[in-house]
Each structure stands twice: as structure tokens, then as C-alpha cells.
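*Asks:* Next one to model:
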Amino acid sequence: MNANTMGLTEELRMMQDTIQRFLVEHVHPAEVGARRDDATELPPDVVKRVQPLARKIGLWCFETPEEYGGAGLGSFPFVVAYQAASKHTYSLPDPGCGVFGYDPPNILLSANDAQRARYIRPTVDEGRQWFIGLSEPSGGSDPARAIQTRARRDGDHWIISGRKMWTSRAQVATNGIVFARTGAGRAGISAFIVDMPAQGVSVRPVKVIRDHATNEMLLDEVAVPLENMLGGEGEGFSLAQKWLVRGRLKIAAQCVGVAEAAIEIAADYAKQRETFGKRLAARQSVQNMLVDSHVAIRAARWLLWDAAWQDDSGVDARNAASMAKLYASEAAFNAVDCAMQILGGMGMSREMPLEHWFRGLRVNRVVEGPSEVHRMLIARDLLGDAALDRAPT
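*Replies:* Just a heads-up that it's a prediction; the model follows:
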């Protein structure tokens, strides 16, 4: 489907409706109790109980191909589904806290036959979780230069040593992908599958402003079999780029879904709440806040859909994904801030989802590339060599 045509297909609208009904029936009620108990996510027993129900109706591992047990959604239907699945309290950083399963990293589809057989289907069937070890203390937005973790070959193993930061899920993951330097420059970065727990790997939680902690990972002479290299030697950077495009689409879809939910809450509240003899909905200042957010969310949604459509069409979607991630993360943060302002004290309450989203969306403006980096990347695409202040080649 071309994202420039109006609306969604009937099939995609039905998928959205199915996801939203599933949330209303199985997720929203559990979240109400969890918020009152000051929980930071869905209780594990709820997730375990609801997962089989989601899988039974096909809401399982949205982006994993059907041959491996997933829903097999392309980029466009995936972002539509992910957007709908994000319209609930504990949608950040993972919609449903695992209710819809955990997709194996998309770059595993570039693995060889033996690796795909060993990892993809078991991940889907067993609900395994993965971490991605890309960012380091020296930075994450420019992996070609920032990566200092090194891998050297020793007999039938690669020996990896270094330090990774912001490795979400590392404390619970069964497997992970670590990017390490095997040479110089972009062509010197390789990717390795690490099976957990692994001797020489230690993980320390690093708390951030959202409810879910991320991790610092130390790798001290970690031995990885030769067959666990993902792709060929020096192909890690291109794999990272592929992973980041999908990651940015995910972030943008989350942001759009959460922002839509926040403005729905604020609009409903404004229709009911009265101050000084007038409903908030009749006050122009409130109308302007809601309208500005509504327009920005609509623009973010079209940028997201266009980027996903490009990715499905085989076009290089890196620039489009940057635009979608940049605009959606900024628009969503502003929309939730607007909703909290309209609800006043209730907007700050942990009995409402807004403050949870607010903190999560603040992280989304940095994760998968901060807004400033995406502006830089978009400028380079727009201005070419002039953006780097060098003569055309």
C-alpha cells in the first residue's frame, strides 16, 4: 500500500480493531490495579496468562516471518500494529511488557541457515528475549567511530573484551548481539551472537528516568564460537544500520500510539471538567493545545507511514526513518505534556498513565539516536557535501 493514499485497507483496520479490543479486554483492567499498587509494569503472572491468548489470535511476534511462527508483518502493517499496541499504560519501552511476544532482532534474518534454525524459531516459541550491545560509554550515535570493544580470533573462537552501555534486557536475555571491532573504520566492525549466561559477561543495572532500567555490560575475554559471527567479518556496521532503521520505525510507532491515547484522554476530560462555570473544552487556550497536538500527531503518523512504505518498497529508508523518529518523538512528548497540563493535578497522578508516558517519551527523544543527530543526518541528505563544508566529490 502507498502511504500517500488515503486511509488504511479494511484488513489493516480490522487488525487495529482486534489489537485495541484485546487491550481493552485483557490489558487495561490489569493496568488499573498495577498503577494503584505503584507497579512499573504489568505483573509477570498477567503477562504469562495473556500471552497464549494473544498467540492464539495471531498477535504474536509481529515482525517475525510466518515460517518461524510470527505474524510476518512487513514494515507498513507492522507500524500500524505497533502503533495500536502502544495505546496503553505500560507500552514503553515494550508494548504489553511481552504480551505480544518478543521478536528476535530483525538482523537475524540475515543469519546463515544454521543460525536461523538455532535461534529464530526457539525465540518465538519460548518467548526468549535478546539484547543488542551497540552503544558504548564513548557514544552510540556514531558506532563507526565510537565502538572500542574488540574481538580477536583465537583458534576456533573469537575473544571479545569491552564495555557496552544501555543494553536493554541484558539482565533477562537468553541471547544477544554484540558489535565489536575486528579492524579499522566502518569495515572493521563485526557482529557476534552471545549466548547467555556467558563466562566473562557481567551486567549492572543503570537506572534512568523511565520505569525500566537499562544496563551496563562488561565483557572480559568472552569466548564466542566462530560460527556465532553474524554475517561476515566487517559486515557489522551494515547490519547495525539495518537494525537501526527498524528500531527507529518502532520508536516512531510507539510515540504516535501513545500520543493519540494521551490526546484522547485530554479531550474527554476537557468535555467534562468545568472551571468558573465553563467546560474546559469551551476555552480557546485548551482548544489550541489540543488542536496543535492533534495536527502534529497526524503529521507524525504520515511521516511514519511513508517511511515504512519506503522500507517495504526496497527503497533506502534511512532518511525517512530519521524524519519519522525525530518528528514523532518530539510531537508525542509535547502532546503528553499538553495532556498533563489540561488535566492539572490529575495529570501528575500515578493513577493515570500520563506521567509514565511522559518519562518514557523523554527517553525516546534520545534512544535510537537523539533528535540533534537525526537533524544532522537529514541535513546531510538535504544539503549533501555542503553540510560537511567540503567540496562536492
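
*Asks:* Do you have the helices of the protein handy? List them.
*Replies:* With helices called from DSSP state H, the chain shows them at 10-22, 28-36, 44-56, 75-85, 113-126, 143-146, 236-272, 284-312, 318-343, 345-348, 354-364, 371-383.

*Asks:* just checking, what packs against the first one?
*Replies:* Meaning helix 10-22. Using 3 or more Cβ pairs under 8 Å, 6 or more residues apart in numbering; DSSP states H and E, the elements in contact with helix 10-22 are helix 75-85. C-beta coordinates here come from the backbone N, C-alpha and C atoms, glycine included.

*Asks:* what do you get if the cut-off is 10 Å, keeping everything else the same?
*Replies:* helix 44-56, helix 75-85 (3 or more Cβ pairs under 10 Å, 6 or more residues apart in numbering; DSSP states H and E).

*Asks:* if you compare those helices, which one is most tucked away?
*Replies:* Stretch with highest mean neighbour count among the helices and strands packed on helix 10-22: helix 75-85 (a mean of 25; mean count of other Cβ atoms under 10 Å).

*Asks:* tell me the angle that one makes with helix 284-312.
*Replies:* 150 degrees (axes from the mean of the first three to the mean of the last three Cα atoms, to 10 degrees).

*Asks:* okay, now Cys97: neighbour count?
*Replies:* Neighbourhood size, Cys97 [other Cβ atoms under 10 Å]: 24.

*Asks:* Quick check: it vs Tyr82, distance?
*Replies:* Distance, Cys97 to Tyr82, by Cβ to Cβ, to the nearest Å: 14 Å.

*Asks:* cool, Ser91 as well?
*Replies:* Shown here: Ser91 relative to Tyr82, a distance of 9 Å by Cβ to Cβ.

*Asks:* can you list residues touching both of the two?
*Replies:* Residues touching both Ser91 and Tyr82 (Cβ atoms under 10 Å, 6 or more residues apart in numbering): 254, 257.

*Asks:* and the worst-scoring helix or strand of the chain on mean pLDDT, what other elements does it pack with?
*Replies:* Lowest by mean pLDDT, DSSP states H and E among the helices and strands of the chain is helix 143-146, with a mean of 80. The contact analysis (3+ Cβ pairs under 10 Å, 6+ apart) places helix 143-146 against strand 175-181, helix 236-272.

*Asks:* and the first one with helix 113-126, angle?
*Replies:* Between strand 175-181 and helix 113-126, the angle formed by their directions is 140 degrees, by the same axes, to 10 degrees.

*Asks:* Dump strand 175-181 to CSV, restricted to CA.
*Replies:* The C-alpha trace of strand 175-181 is given here as CSV (Å, rounded to 0.1, in the frame of the first residue of the first chain):
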residue,chain,number,x,y,z
ASN,A,175,20.9,-14.3,23.8
GLY,A,176,22.3,-11.1,22.5
ILE,A,177,24.2,-9.5,19.6
VAL,A,178,27.4,-7.7,20.4
PHE,A,179,29.1,-5.4,17.9
ALA,A,180,32.9,-5.3,18.3
ARG,A,181,35.9,-4.1,16.4
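
*Asks:* Just give me how far it sits from the chain centre.
*Replies:* In terms of Cα atoms, centre = their mean, to the nearest Å, the centre of strand 175-181 is found 18 Å from the chain centre.

*Asks:* would CSV of the helices and strands packed on helix 10-22 with distance to Glu227 be doable?
*Replies:* Formatted as CSV, those follow (distance: least, Cβ to Cβ, whole Å):
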stretch, distance to Glu227
helix 44-56, 30
helix 75-85, 30
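
*Asks:* Turn the helices and strands packed on helix 143-146 into TSV, including mean pLDDT, distance to Leu8 and mean neighbour count.
*Replies:* Formatted as TSV, the helices and strands packed on helix 143-146 follow (pLDDT from 0 to 100; distance: least, Cβ to Cβ, whole Å; neighbours: other Cβ atoms under 10 Å):
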stretch	mean pLDDT	distance to Leu8	mean neighbour count
strand 175-181	97	33	24
helix 236-272	95	13	23
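
*Asks:* possible to save these as JSON lines with distance to Arg150?
*Replies:* Output for the helices and strands packed on helix 143-146, formatted as JSON lines (distance: least, Cβ to Cβ, whole Å):
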{"stretch": "strand 175-181", "distance to Arg150": "5"}
{"stretch": "helix 236-272", "distance to Arg150": "12"}
